[in-house]
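> Make a model of this:
(chains A and B)
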Amino acid sequence: MFKRFDQDSRRPVHIVVDGAAVAAREGDTVSAALLASGRDVRRATAVSGAPRLPYCMMGVCFDCLVTIDGIGNRQGCLVPVAEGMQIEIQKGKREIGR
Amino acid sequence: MSKEYDVAVVGGGLLGSAIAWGLGRLGKNAVVLDEGDIAKRASRANFALVWVQSKGLGMSAYTGWTVRASETWGKLAVELKDQTGLDVALQQNGGFHLTLGEDEFAQRAQLVTRMHNQVGAADYKMEMLSASEVRKMLPLIGPEVSGGSFCPLDGHVNSLRTFRAFHTGLKLFGVDYFPERPVSVIARSGGEFRLSTPQGEIRAGKVVLSAGNANQSLAPMVGLSAPMGPTRGQIVVTERTMPFLPHPLTTIRQTDEGTVMIGDSKEDQLDDRTLNHSVSAVMADRAQRMFPHLARLNVVRTWSGIRVMPQDGFPIYDQSESAPGAFVTCCHSGVTLASNHAFEIARMVAAGALEPELVGAFSARRFDTNHAATGSGYY
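Sure thing, here's the model as predicted:
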């Protein structure tokens, strides 16, 4: 659904989403990179398990919650991507030890 | 326009709504006169435990009353679910009070012994467990936990959903609910009570005062007394996490929807619009020493609320001699005792008299004698 525009010349950044390599760009937030990846990146909410994607992209709605480098419930829209970052699409509640 | 009711319940909190639900269940024509949404409501500021252990030191009658409530809570949860479709998430598989360090363990062990030795007290089956025994049931405890007391009768519930279920259910039973009707004056004439509210007068054959701390000023209008006062509690709430805590604790519990509640304090400061961060810090620190994993969770809110505390900590149930048909009900543990209020107190009010064998010990006449009890209606 989302497509990068052709003149985007920012440096590539490589991240890993659920074990698969994904090419992002320097300056992307995790949420932007996920939406641009073309993958099914829908999380499942903590109580009802309803599917959700990042929505407000500005830190307010918390619909972008994702596990980043082993820490759950991070707001993907507020975290810039970094080389080698490990992303897991969070299904349901965060685990207490992560 | 005034309307006649069998019973007017003053106060629509957890206590008043439980009694009104119970009255509706018995087919009584009842009305609830409540304050508005900005009322200081312990019904929305509680820790949601259905708690038994360590309650009743200093008043053995309270131990039996608490056990009765614990035993009939399951029936209440089923009836509320059947009637309203709301699952109040009652869990009664036993609860802990954990101790940090050897001194706390020794103090708690002494309390368990004193409870056990109290003449006439119900058997709580409460026991002290070593840290290794606790760890078998709560695998994630930290190294500072020295052990704790366990009581198989303890549990917890979703108290906000319980509150909602009572309100939904009482309306289904045909009980009238009127918000924005704080009662200012209660007069008795012609064999009925006349209750003045900003939106007119309500007439009823009986009146039940369940107005929390406002009972102090209402009770004398019908020849009763309610020595009590407000107290403040603070709670820390974390984000939702996978279930990790299979039993509730006195100060930590995980809700059915996954949040962890950490509390609760008891403070004399009565402004519920502020937080005392030094209190929150101690609560959070103790919680993460009990469960080190908690340190990684985000806190999503902290709040304070005003609660109700009878002078000696134990409930007050009384009926007026000078104004027959007037009852007063006060308690701190409105969640734990909800089943008793819905079934027992409602039945007694419907019949017109409190039953001394069940609740005689809770008359406010106990405050007339000078030797003030130093009890633990709390925990």
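> Which residues are in contact with the residue of the stretch 51-200 of chain B found nearest chain A?
Sorted by distance to chain A under Cβ to the nearest Cβ, the residues of the stretch 51-200 of chain B start with B:Leu140, at 7.5 Å. Backbone N, C-alpha and C define where each C-beta goes, glycine included. Counting by Cβ atoms under 8 Å, 6 or more residues apart in numbering or on different chains, B:Leu140 makes contact with A:96, B:244-245, B:291-293.
> likewise B:Pro243?
With the criterion set at Cβ under 8 Å, 6+ apart, B:Pro243 makes contact with B:254, B:258.
> And the helices in chain A?
A:30-36 (DSSP state H).
> per-residue confidence for the residue nearest to B:Ser225 when sequence neighbours are not counted?
Nearest non-adjacent residue to B:Ser225, counting by Cβ to Cβ, 6 or more residues apart in numbering or on different chains: B:Ala364, 4.9 Å away. Model confidence at B:Ala364, given as pLDDT, is 96.
> And the one 5 residues further on, by the same measure?
According to the prediction, B:Thr369 has pLDDT 74.
> which ones are touching B:Glu102?
Contacts for B:Glu102 (Cβ under 8 Å, 6+ apart) come out as B:Ser146.
> can you count the residues close to the one residue in the stretch 201-350 of chain B that gets nearest to chain A?
Using Cβ to the nearest Cβ, the closest approach of the stretch 201-350 of chain B to chain A is made by B:Arg240 at 4.1 Å. For B:Arg240, the count of nearby residues is 21 (other Cβ atoms under 10 Å in any protein chain shown).
> Could you report the neighbour count for the nearest residue to it once chain neighbours are set aside?
Computed as Cβ to Cβ, 6+ apart, the closest residue to B:Arg240 that is not its neighbour in sequence is B:Gly258, at 3.4 Å. A total of 19 residues lie near B:Gly258 under the criterion other Cβ under 10 Å.
> what does B:Lys28 give?
Quick note: B:Lys28 (other Cβ under 10 Å) scores 20 neighbours.
> Next: B:Leu270.
B:Leu270 has 13 nearby residues by other Cβ under 10 Å.
> low pLDDT regions in chain A?
Along chain A, the model assigns pLDDT under 70 to no residue.
> In it, what residue comes closest to chain B?
For chain A, Cβ to the nearest Cβ, closest residue to chain B: A:Ala46, 4.1 Å.
> In contact with that residue: list those residues for me.
Shown in contact with A:Ala46 (Cβ under 8 Å, 6+ apart): A:92-94, B:240, B:257-258.
> Could you measure from it over to B:Ala284?
Separation of A:Ala46 from B:Ala284 (Cβ to Cβ, to the nearest Å): 21 Å.
> what pLDDT, on average, does the strand or helix carrying B:Ser70 get?
Using DSSP states H and E, B:Ser70 sits within helix B:60-84. Averaging pLDDT along helix B:60-84 gives 97.
> Check which helices and strands it sits against.
For helix B:60-84, the packing partners by 3 or more Cβ pairs under 8 Å, 6 or more residues apart in numbering or on different chains; DSSP states H and E come out as strand B:49-50, helix B:159-172, helix B:338-340.
> possible to save those as a markdown table with distance to B:Arg232 and mean neighbour count?
Shown next, in a markdown table, are the helices and strands packed on helix B:60-84 (distance: least, Cβ to Cβ, whole Å; neighbours: other Cβ atoms under 10 Å in any protein chain shown):
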| stretch | distance to B:Arg232 | mean neighbour count |
| --- | --- | --- |
| strand B:49-50 | 18 | 26 |
| helix B:159-172 | 18 | 22 |
| helix B:338-340 | 22 | 27 |
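> For those, please prepare a markdown table with the additional fields mean pLDDT.
Output for those, formatted as a markdown table (pLDDT from 0 to 100):
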| stretch | mean pLDDT |
| --- | --- |
| strand B:49-50 | 98 |
| helix B:159-172 | 98 |
| helix B:338-340 | 98 |
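> Dump the ones you listed to a markdown table, plus distance to B:Thr99.
Below are these laid out as a markdown table (distance: least, Cβ to Cβ, whole Å):
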| stretch | distance to B:Thr99 |
| --- | --- |
| strand B:49-50 | 18 |
| helix B:159-172 | 26 |
| helix B:338-340 | 29 |
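> what does chain A put close to chain B?
A:46-47, A:71-73, A:92-98 (Cβ under 8 Å from any Cβ of the partner chain).
> how about 7 Å then?
Applying Cβ under 7 Å from any Cβ of the partner chain, we find that chain A lies next to chain B at A:46-47, A:73, A:93-97.
> Out of these, which sit inside strands?
A:Asn73 (DSSP state E).
> Give the buried subset of the residues of chain A next to chain B as a ChimeraX selection command.
Burial among the residues of chain A next to chain B is assessed by 16 or more other Cβ atoms under 10 Å in any protein chain shown; the matching ChimeraX selection reads:
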select /A:46,73,93,94,95,96
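> show me where chain A has strands.
Using DSSP E, strands in chain A cover A:12-17, A:20-25, A:43-44, A:51-52, A:65-68, A:71-75, A:86-88.
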